[in-house]
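In: fold the following, please.
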Amino acid sequence: MLDEELNELKDKSDAQLVRSYKNGDQTAFQQLAARYFFIIRKNAADYYGIGPEADDLFQEGLLGLHNAVKGYDENNNASFKTYAGVCIKNKILSALRSYNAEKNKINKEHYSIDDAELVLSSPETEPENAVISNEALESLQVYLQSNLSKNESDVLELYIEGKTYDEIASELGISKKSCDNAMQRIRKKLRVRG
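Out: All right, here's what the predicted structure looks like:
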């Protein structure tokens, strides 16, 4: 019975499946999940090794797809595929920020290599590239510790934890503009480093 229902849904567009799901057809989401399986998997694989296990990241991506289905509005002139791609990626990144924030609570006095990698580079999936990336990140960590002021280090640490400029400013007792200026100086120092 379920196979027959899924076969009937194969010819529907993404937008039609979203409408069907919103009208109570649970199999419509299963069809969308099957269509977006490889997109979710690719997004999860992009961050494998710098946070939770790949399966956990895939689950977060699947939740992102579910959020996209629930929140999609055809009248906003964006295709569902575009909207879903953003929702999937954002959900995975949110999970990574939460993971790193929890990790930072345990070890607040040092930036972790994983934190720097999440913010400053794309992950590599090949083992040889991972070793090279770790060496580069260790070098980056040393550079940041010796070239950032205390204020810049504090701002960067909170930014890595996923906090907004408003939250950072409030926590450090500085203005939002000071927070933004610190981030601009950090970015400039990173560009100079090359």
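In: domain parsing for the chain?
Out: The chain breaks down by automatic domain parsing into domains covering 2-104, 116-193.
In: deepest in the core, which of those is it.
Out: domain 2-104 (a mean of 17; mean count of other Cβ atoms under 10 Å). Where you see a C-beta, it was placed from the backbone N, CA and C, and this is true even at glycine.
In: now could you export just the CA positions of the helix or strand Leu63 falls within as CSV?
Out: Element membership of Leu63, judged by DSSP states H and E, is helix 54-71. Written as CSV, here are the backbone C-alpha positions of helix 54-71 (Å, rounded to 0.1, in the frame of the first residue of the first chain):
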residue,chain,number,x,y,z
ALA,A,54,27.7,12.0,10.3
ASP,A,55,24.5,10.2,11.2
ASP,A,56,23.6,12.9,13.7
LEU,A,57,24.3,15.6,11.1
PHE,A,58,22.2,13.8,8.6
GLN,A,59,19.3,13.7,11.1
GLU,A,60,19.7,17.4,11.7
GLY,A,61,19.6,17.9,7.9
LEU,A,62,16.4,15.8,7.8
LEU,A,63,14.9,18.1,10.5
GLY,A,64,15.9,21.0,8.3
LEU,A,65,14.0,19.6,5.4
HIS,A,66,11.0,19.1,7.7
ASN,A,67,11.2,22.7,8.8
ALA,A,68,11.4,23.7,5.1
VAL,A,69,8.3,21.8,4.3
LYS,A,70,6.4,23.3,7.3
GLY,A,71,7.6,26.8,6.5
